[in-house]
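# sequence and predicted model, in that order:
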Amino acid sequence: MALGKIKADTLEHSTAGSLGTEFFVNGSSKHWISVTYNSGTPTNRDSLNVSSIADTAAGECTVTLSTAFNAATDYCWVSGTLNTSASQEQITCYTKAASNYKTYNYNSGGAGGIDPEGFYVVSMGDLA
(Lines give C-alpha, C1' and ligand atoms only; values in the text may rest on other atoms or scores of the structure.)
Protein backbone atom coordinates (compact mmCIF):
# COMPACT_ATOMS: atom_id res chain seq x y z
CA MET A 1 0.00 0.00 0.00
CA ALA A 2 1.45 3.34 -1.04
CA LEU A 3 1.30 6.28 1.32
CA GLY A 4 0.45 9.71 0.00
CA LYS A 5 1.70 13.14 0.93
CA ILE A 6 0.01 16.45 1.42
CA LYS A 7 2.24 19.38 0.53
CA ALA A 8 1.20 22.88 1.45
CA ASP A 9 2.96 26.13 2.25
CA THR A 10 -0.15 27.85 3.60
CA LEU A 11 -3.26 26.75 5.46
CA GLU A 12 -6.30 28.92 4.91
CA HIS A 13 -9.47 29.09 7.00
CA SER A 14 -12.71 30.27 5.43
CA THR A 15 -13.15 33.18 7.88
CA ALA A 16 -10.05 33.37 10.10
CA GLY A 17 -7.40 34.02 7.45
CA SER A 18 -4.32 32.00 6.57
CA LEU A 19 -1.08 30.89 8.20
CA GLY A 20 2.16 29.55 6.76
CA THR A 21 2.84 25.90 7.58
CA GLU A 22 6.34 26.77 8.88
CA PHE A 23 4.62 28.00 12.05
CA PHE A 24 3.24 24.50 12.64
CA VAL A 25 6.47 22.70 11.80
CA ASN A 26 8.85 25.04 13.65
CA GLY A 27 6.59 26.43 16.35
CA SER A 28 4.74 23.37 17.65
CA SER A 29 5.50 21.58 20.88
CA LYS A 30 7.53 18.42 20.23
CA HIS A 31 7.27 17.15 23.81
CA TRP A 32 5.16 17.73 26.89
CA ILE A 33 4.58 15.91 30.15
CA SER A 34 2.35 16.16 33.21
CA VAL A 35 3.83 14.39 36.25
CA THR A 36 2.37 13.87 39.71
CA TYR A 37 4.05 12.32 42.73
CA ASN A 38 2.51 9.65 44.95
CA SER A 39 4.57 8.86 48.06
CA GLY A 40 7.68 10.23 46.37
CA THR A 41 7.26 8.25 43.14
CA PRO A 42 6.76 10.24 39.90
CA THR A 43 3.85 9.14 37.72
CA ASN A 44 3.47 10.18 34.08
CA ARG A 45 -0.17 11.33 33.99
CA ASP A 46 -0.12 12.26 30.32
CA SER A 47 2.56 13.10 27.78
CA LEU A 48 3.76 13.43 24.21
CA ASN A 49 7.11 12.01 23.02
CA VAL A 50 8.08 10.43 26.36
CA SER A 51 9.37 6.86 26.58
CA SER A 52 10.12 6.70 30.31
CA ILE A 53 10.39 8.58 33.57
CA ALA A 54 12.72 7.53 36.40
CA ASP A 55 12.99 8.65 40.01
CA THR A 56 16.73 9.06 40.60
CA ALA A 57 16.79 10.62 44.11
CA ALA A 58 14.72 12.82 46.42
CA GLY A 59 13.71 15.78 44.28
CA GLU A 60 15.36 14.35 41.14
CA CYS A 61 13.72 12.74 38.12
CA THR A 62 14.95 11.80 34.62
CA VAL A 63 12.62 11.99 31.63
CA THR A 64 13.67 10.09 28.48
CA LEU A 65 12.24 11.16 25.14
CA SER A 66 10.87 8.74 22.53
CA THR A 67 12.37 10.83 19.72
CA ALA A 68 15.42 12.92 20.55
CA PHE A 69 15.99 16.54 19.63
CA ASN A 70 18.81 17.42 17.18
CA ALA A 71 21.06 18.48 20.04
CA ALA A 72 20.79 19.54 23.67
CA THR A 73 21.31 23.16 22.65
CA ASP A 74 18.64 23.07 19.93
CA TYR A 75 15.51 23.02 22.06
CA CYS A 76 13.98 25.00 24.85
CA TRP A 77 11.31 24.28 27.41
CA VAL A 78 8.76 25.98 29.60
CA SER A 79 8.07 24.36 32.96
CA GLY A 80 6.16 24.70 36.16
CA THR A 81 6.12 22.92 39.50
CA LEU A 82 3.14 22.32 41.77
CA ASN A 83 3.56 22.44 45.53
CA THR A 84 0.67 23.57 47.72
CA SER A 85 2.62 23.35 50.99
CA ALA A 86 3.20 26.85 52.31
CA SER A 87 6.28 25.68 54.21
CA GLN A 88 8.18 24.57 51.10
CA GLU A 89 9.32 27.02 48.48
CA GLN A 90 10.99 25.29 45.57
CA ILE A 91 13.71 25.98 43.09
CA THR A 92 13.53 23.77 39.98
CA CYS A 93 16.53 23.28 37.69
CA TYR A 94 17.07 21.12 34.64
CA THR A 95 20.00 19.55 32.87
CA LYS A 96 19.37 18.32 29.37
CA ALA A 97 20.76 16.14 26.63
CA ALA A 98 19.25 15.60 23.17
CA SER A 99 17.38 12.45 24.29
CA ASN A 100 16.58 13.18 27.96
CA TYR A 101 16.57 15.74 30.73
CA LYS A 102 16.77 15.66 34.50
CA THR A 103 14.72 17.77 36.90
CA TYR A 104 16.05 18.89 40.28
CA ASN A 105 13.61 20.24 42.88
CA TYR A 106 15.18 21.84 45.94
CA ASN A 107 13.76 23.56 48.97
CA SER A 108 14.86 27.19 48.80
CA GLY A 109 15.43 27.12 52.56
CA GLY A 110 18.36 24.73 52.08
CA ALA A 111 16.66 21.51 53.20
CA GLY A 112 17.87 19.59 50.13
CA GLY A 113 15.96 17.80 47.40
CA ILE A 114 12.19 17.53 47.77
CA ASP A 115 9.64 15.77 45.60
CA PRO A 116 7.06 18.26 44.33
CA GLU A 117 3.37 17.41 44.06
CA GLY A 118 3.83 17.66 40.31
CA PHE A 119 5.74 19.20 37.47
CA TYR A 120 4.86 20.12 33.91
CA VAL A 121 7.19 20.64 30.94
CA VAL A 122 6.62 21.67 27.30
CA SER A 123 9.56 21.57 24.83
CA MET A 124 9.99 23.14 21.42
CA GLY A 125 12.76 22.56 18.90
CA ASP A 126 13.92 20.43 15.98
CA LEU A 127 13.67 16.66 16.35
CA ALA A 128 16.51 14.48 15.12
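That came through, no problem.

# flag every buried residue along the lengthiest strand in the chain.
In the chain, assigned by DSSP state E, the strand with the most residues is strand 29-38. Using 16 or more other C-beta atoms under 10 Å as the test for burial, strand 29-38 gives 30-33, 35, 37. In this view, the C-beta of every residue, glycine as well, is placed from N, C-alpha and C.

# please tell me how far the helix or strand following it is from the chain's geometric centre.
Later in the chain than strand 29-38, the nearest helix or strand by DSSP states H and E is strand 41-48. Relative to its chain's centre, strand 41-48 lies at 11 Å (C-alpha atoms, centre = their mean, to the nearest Å).

# with stretch 96-110 instead?
12 Å.

# in it, which residues are buried?
For stretch 96-110, burial by neighbour count (16+ other C-beta under 10 Å) applies to 96, 98, 100-107.

# Ser79: which of those residues is nearest?
Closest approach to Ser79 among the buried residues of stretch 96-110 (C-beta to C-beta): Thr103, at 7.8 Å.

# can I assume the closest one is in contact with Tyr94?
Yes - look at Thr103 against Tyr94 with C-beta atoms under 8 Å: they come within range, at 5.7 Å.

# near Ser18, how many other residues are there?
Other residues within reach of Ser18 by the criterion other C-beta atoms under 10 Å amount to 9.

# what about the strands in this structure?
Going by DSSP E, the chain shows strands at 10-13, 17-20, 29-38, 41-48, 50-57, 60-65, 75-82, 90-96, 100-107, 118-125.
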